[in-house]
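**Student:** Give the three-dimensional model of this entry:
(one chain, ligands or ions: 2)
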Amino acid sequence: MNKLTSATNSRVLSGMRPTGQLHLGHYHGVLKNWLALQHEYECFFFVADWHALTTEYDNSGVIQDSINDMVVDWLAAGVSPRSAKIFVQSQVPEHAELHLLLSMITPLGWLERVPTYKDQQEKLKEKDLATYGFLGYPLLQSADILIYRATQVPVGEDQVAHVELTREIARRFNHIYGREPGFEESAEAAAKKMGKKNAKLYHNLRRSFQEQGDHEALETAKALLESQGNITLGDRERLFGYLEGGGKIILPEPQPLLTPASKMPGLDGQKMSKSYGNTISLRESPEAIDEKLRKMPTDTNRVRLTDPGDPARCPVWQLHKIYSDESVQNWVKEGCTSAGIGCLDCKAPIIEAVQKELAPLRERAQEFIDDPSIVKSILKEGAEEARTVARETMTEVRQAMGLKF
Ligand code: TRP
Ligand code: SF4
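**Tutor:** Numbering: from 1, shown residues only. Ligands and ions are numbered 1, 2, ... in the order given. So this is what the prediction gives:
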């Protein structure tokens, strides 16, 4: 797909809390997905530092240090400032303004019902999360998404409810503020601006959808609107809204783009996670990679080399499923169950694969570590580009809400 043509109707946004250096779980679970998306869509990837404050408000020093480490890893993994806008949330204050304005129309019950609200309070019992900021954090996420009018939001399963909330907020916003007086007349006037032929096509498609529920016609009409270079943003929104009835669509509803749960196992076979201490970080030294993998536990039944094992009981096998092709996997199954290979032999192809995977990342990271001003300027430029888009949305939102002073 051509990025330029898809860019107008497909915008991807995702955020990550600054957790410091990333590990293989992040790489296989999230970053590789971002790398693929950045070539296909207009992408916005940001560091959610305000989100981190909702739970780390009493320990905020760690957030600042974590930002640089995390962005270095994004860049080292191949997230490219030429393809995606990379920035820090707090450098785009428009997120906060939209959050505030959306808070006016957000029923408390909607926030209280978000599953992560109670779950996280239970899970992080040692923290006092009975705060206003914590309750409102999913709405801040809605603002993050809606301010760029993102159409797709790559998230894990645990975040789908937040995208769902965002859709409800957008719908409510459009319902309350999208009904300008004389909407029909201004939509009709906007249609005329596309020229006679296109206006006629638009009307026919609109009728097919509204009278016969023809969804293909709806899609064709949307594509027609996307291809109009000479109508204003406001007119385009009017025409989008007019297609489906209602009013102007100021904030479009985003779709979650479900990232398959990371199957990356940690060194102990549990999910790879910093809190389990079972990670290989993306900038791990070759020696440490070697040592960590050599020390990895294996099937506990294989005490001696002559004891046969069972890959199903071995965390190393989980890694073969990620890194090895079928022939190596067959070699493992055969060699393990017949005690034909030792566990260190079995680990050798994994060690080699991880070394090969991480060497270029480590090398690229070094450039950013040596000169911290590169990351700084990438983030600065990213924030400026993001703000240009965010400001456009805010102008419309303010106007729709009657803040024209
Ligand atoms: N809440 C997300 C998390 O904790 C991070 C995040 C913040 C985000 N804003 C977002 C993700 C917007 C996607 C879109 O992981
Ligand atoms: Fe695990 Fe491989 Fe040893 Fe079998 S041979 S127990 S799969 S490390």
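**Student:** measure residue 367 to ligand 1 for me?
**Tutor:** 27 Å (Cβ to the nearest ligand atom, to the nearest Å). Where you see a C-beta, it was placed from the backbone N, CA and C, and this is true even at glycine.
**Student:** Run a quick neighbour tally on the closest residue to that residue other than its chain neighbours.
**Tutor:** In this structure, residue 367 finds its nearest non-sequential neighbour in residue 374, 7.1 Å apart by Cβ to Cβ, 6 or more residues apart in numbering. Residues lying near residue 374 (other Cβ atoms under 10 Å) number 15.
**Student:** Over to residue 142?
**Tutor:** Using other Cβ under 10 Å, the number of residues around residue 142 comes to 27.
**Student:** Give me the contact list for stretch 176-193.
**Tutor:** 105, 199, 202-203, 230-231, 235-236, 238-239, 241-242, 246-250, 400-401 (Cβ atoms under 8 Å, 6 or more residues apart in numbering).
**Student:** Return the subset of these lying in strands.
**Tutor:** Under the assignment DSSP state E, the contacts of stretch 176-193 contribute nothing to strands.
**Student:** Regarding the residue nearest to residue 367, which helix or strand does it belong to?
**Tutor:** helix 372-400 (DSSP states H and E).
**Student:** Mind giving me the ChimeraX select for the contacts of stretch 176-193, buried ones only?
**Tutor:** Typed into ChimeraX, the line below selects the buried ones among the contacts of stretch 176-193, using 16 or more other Cβ atoms under 10 Å:
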select :199,202,231,235,236,238,239,241,242,247,248,249,250,400
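**Student:** tell me which parts of the stretch 101-250 of the chain are close to ligand 1?
**Tutor:** Counting by Cβ under 6 Å from any ligand atom, the stretch 101-250 of the chain comes close to ligand 1 at 141, 144-145, 153, 155, 159.
**Student:** Which of those residues ranks first by neighbour count?
**Tutor:** Busiest of those [other Cβ under 10 Å] is residue 145, holding 31 neighbours.
**Student:** so that one touches residue 13, yeah?
**Tutor:** Yes. The pair residue 145 / residue 13 is scored as a contact, 5.6 Å apart, by Cβ atoms under 8 Å.
**Student:** Touching both of these two, which residues are there?
**Tutor:** Joint contacts of residue 145 and residue 13 (Cβ under 8 Å, 6+ apart) are 153, 254.
**Student:** where does residue 390 sit relative to residue 12, distance-wise?
**Tutor:** 16 Å (Cβ to Cβ, to the nearest Å).
**Student:** and what of residue 117?
**Tutor:** For residue 117, the distance to residue 12 - Cβ to Cβ - is 26 Å.
**Student:** For residue 338, which residues are in contact?
**Tutor:** residue 308.
**Student:** Just the pLDDT for it.
**Tutor:** pLDDT for residue 338: 96.
**Student:** what's the closest non-adjacent residue to the residue located most distally from the centre of the chain?
**Tutor:** No residue in the chain sits farther from the centre than residue 306, which is 47.7 Å out by Cα atoms, centre = their mean. In this structure, residue 306 finds its nearest non-sequential neighbour in residue 339, 5.3 Å apart by Cβ to Cβ, 6+ apart.
**Student:** Return the distance of that neighbour relative to ligand 2.
**Tutor:** Distance from residue 339 to ligand 2, by Cβ to the nearest ligand atom: 8 Å.
**Student:** and that residue, helix, strand or coil?
**Tutor:** coil (DSSP: H, G, I helix; E, B strand; the rest coil).
**Student:** Just give me the neighbour total for residue 198.
**Tutor:** Counted with other Cβ under 10 Å, residue 198 comes out at 17.
**Student:** Tell me how far it lies from ligand 2.
**Tutor:** Residue 198 is 63 Å from ligand 2, by Cβ to the nearest ligand atom.
**Student:** shouldn't that residue be in contact with residue 223?
**Tutor:** No. Between residue 198 and residue 223 there is no contact under Cβ under 8 Å: 11.7 Å.
**Student:** pretty sure residue 283 contacts residue 361?
**Tutor:** Yes. Between residue 283 and residue 361 there is a contact under Cβ under 8 Å: 7.2 Å.
**Student:** Now the common contact residues for the two.
**Tutor:** Joint contacts of residue 283 and residue 361 (Cβ under 8 Å, 6+ apart) are 73, 76.
**Student:** Touching stretch 229-241 from outside, list them.
**Tutor:** Applying Cβ under 8 Å, 6+ apart, the set of residues contacting stretch 229-241 is 174, 178, 183, 186-187, 190-191, 193-194, 202, 222, 225, 228, 247-250, 252, 392, 396.
**Student:** Then the residue farthest from the centre of the chain would be within a helix, right?
**Tutor:** No. Residue 306 is assigned coil when assessed by three-state DSSP, not a helix.
**Student:** Residue 59: neighbouring residues, count only.
**Tutor:** 11.
**Student:** How much space separates it from residue 73?
**Tutor:** 21 Å.
**Student:** Tell me where the stretch 251-400 of the chain has strands.
**Tutor:** With DSSP state E, counting those that start in this stretch as the criterion, the stretch 251-400 of the chain has strands at 255-258.
**Student:** could you pull out the helices for it?
**Tutor:** 286-294, 315-323, 326-337, 343-370, 372-400 (DSSP state H, counting those that start in this stretch).
**Student:** and the residue of the chain found nearest ligand 1, what element?
**Tutor:** Distances between the chain and ligand 1 by Cβ to the nearest ligand atom are smallest at residue 15, namely 3.3 Å. Element membership of residue 15 [criterion: DSSP H and E] is strand 11-16.
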